[in-house]
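> Based on what follows, work out the 3D shape:
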Amino acid sequence: MRSQPPPSVGRVSSSTASAAAQSLPSIRPQPIVLVVGSPYGIDDWLGGPAGRYDFVFVNNEGAGAEVYLEDPATERIYLEVEHFGRGVSRAVTASVPPGTYRWVCITDYTIKYSRPVVVTGDPLPYDVHGIIPVTGLDLRIPINSYVAWITAQLPTLTHQAEQLRDALRDGDAAKARRDWLAAHLTYETLGGAYRAYDETGDDINADPPRGVAPDRLADADFAGFRKVEAMLWHNRPTATIVPYVDALVEAIERFTDELALPNAITPIDMGRRAHEILEDALQWDLNGIGDAGSQTELATVDANLTGVWQALDPLRPILRKQNPYLDQTDEQLRLTQQLVRSHHHDDGWVGLAALSVRQRAAVNAAVQHSVELLSHAAAIVDPRNATTDRGPITHD
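Modelled structure (predicted):
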């Protein structure tokens, strides 16, 4: 049975208000208007009773202002307003527990701190977990570790794609289908990299074009694994498929070269990937949109789940310190992968269309719950500016 989603990890930005914050009425009937640009950054609101607050921030300071409500004792932030320019206003809703805070106003050139912000009263009826800002530099070691893992998988991917080409050249369609699946699943485990390069990514694994009938996909204009899939499972002559696999092998070689470049995976990419891998699986594969004839949607989801584990692992030193739902996330991912793999038998994977309504709903619910839990990790490792000089980076 699916458990209820946990309370929000304390990030409440200008574009995202937590469900928890919406569960209580606002402390004041009208939003509190705060002007960024006073001598202390913000000194128009310096506290009140604990609860839900609606704020409107106005930037009179300069381009690129960011605002945090920070507990200076722990460096955790309980509200943030992301980059907004001079003269721009942002509306924010936040739940503020009892404590002593300060406003931190960051521009391109300055960091200003307000006088103490004192919030009093009883604890809130739900948990609000502040976030210690994770910077781009904090993420450099996890990125390097993750890129190294991906790079180590690429020789296997290249070899599998070459085996697929050899099978097609030999006219062995049955072996080519098996080789296609092996290579495609290897690529799908590299989920943290698959959106890093739009053009090369499309050359490797472009989605089937929308609005094209399944029996016409083999003739549609697209490339990569899905194009080869459409041709293989619609019984096109193997010799006609070889040029598409040639192009696929070349694209994998380009991907290998591009991955070696600096900033191949950025801090923003690293923070979001584990969450986005399963979000895309839910949107595409579990809706049957990504399939081009093989009916191996659940095999792809299983590979994506493996990719999630690999994208999360380098982030664990950060997440162990900040994510109260990490153990729950791990358990949910294990249960989800176990459920997906229950539809793999000796004769292969059960196609999505062959699942009963109840079975399909169970898989969707498990993946959706995993996505919800992964959103906490994404919020924590979303790169931010540090509010103080923390000294050397450590990953103990």
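> from here on, contacts and neighbour counts on C-alpha atoms
Fine.
> Specify the local secondary structure of residue 211.
Put simply, residue 211 is coil when judged by DSSP: H, G, I helix; E, B strand; the rest coil.
> my bad, residue 35
Looking at residue 35 with three-state DSSP, the answer is strand.
> ditto for residue 79
strand.
> cool, and residue 151?
Following three-state DSSP, the label given to residue 151 is helix.
> Residue 112: helix or strand, and which one exactly?
Assessed by DSSP states H and E, residue 112 sits inside strand 111-113.
> same question, residue 103
strand 99-106.
> That strand: which residues count as buried?
Of all the residues in strand 99-106, those buried under the rule 16 or more other Cα atoms under 10 Å are 100-106.
> shouldn't residue 226 be in contact with residue 209?
No. If you go by Cα atoms under 8 Å, residue 226 and residue 209 don't touch, sitting 10.0 Å apart.
> So, low pLDDT: which residues of this protein?
Low-confidence segments of the chain, defined by pLDDT under 70: 1-24, 40, 62, 192-198, 389-396.
> which stretches of it form helices?
For the chain, helices defined by DSSP state H occupy the ranges 19-22, 140-169, 173-188, 198-205, 225-233, 238-259, 267-283, 297-312, 316-322, 326-341, 357-381.
> Kindly compare burial across those and name the winner.
Comparing those by mean neighbour count (mean count of other Cα atoms under 10 Å), helix 225-233 ranks first with a mean of 25.
> Look up how far residue 388 lies from residue 98.
Separation of residue 98 from residue 388 (Cα to Cα, to the nearest Å): 23 Å.
> swap that for residue 89, please
25 Å.
> the more surrounded of those two?
Ranked by neighbour count (other Cα atoms under 10 Å), residue 89 and residue 388 place residue 89 first, with 18 against 11.
> which non-adjacent residue is nearest the more buried one?
Closest residue to residue 89 apart from its sequence neighbours, by Cα to Cα, 6 or more residues apart in numbering: residue 58 at 4.4 Å.
> so that neighbour bridges to which residues?
Note on residue 58: beta-bridge partners by DSSP bridges are residue 35, residue 89.
> for it, what are its contacts?
Residue 58 makes contact with 33-36, 87-90, according to Cα atoms under 8 Å, 6 or more residues apart in numbering.
> Domains in this structure, by residue range?
19-120, 140-381 (automatic domain parsing).
> Mind checking those domains for the one nearest to residue 134?
For residue 134, the closest of the domains of the chain is domain 140-381, at 5.7 Å, according to Cα to Cα.
> tell me the contacts of the nearest residue to residue 100 once chain neighbours are set aside?
Excluding the flanking residues, the one nearest residue 100 by Cα to Cα, 6+ apart is residue 118, at 4.6 Å. Residue 118 makes contact with 46-48, 98-101, according to Cα under 8 Å, 6+ apart.
> Would you convert the domains of the chain into TSV that also reports distance to residue 133?
Shown next, in TSV, are these (distance: least, Cα to Cα, whole Å):
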stretch	distance to residue 133
domain 19-120	7
domain 140-381	8
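> and residue 126, which of those domains is closest to it?
Taking Cα to Cα, domain 19-120 is the member of the domains of the chain nearest to residue 126, at 7.0 Å.
> re earlier: so which of the domains of the chain is nearest residue 132?
Once the domains of the chain are compared by Cα to Cα, domain 19-120 is nearest, at 4.4 Å.
> How far away from the center of its chain is that closest one?
Put simply, domain 19-120 sits 26 Å off its chain's centre (Cα atoms, centre = their mean, to the nearest Å).
> again, but for stretch 332-341
18 Å.
> Now tell me what touches it from outside.
So stretch 332-341 is contacted by 298, 301-302, 305, 363, 366-367, 369-370 (Cα under 8 Å, 6+ apart).
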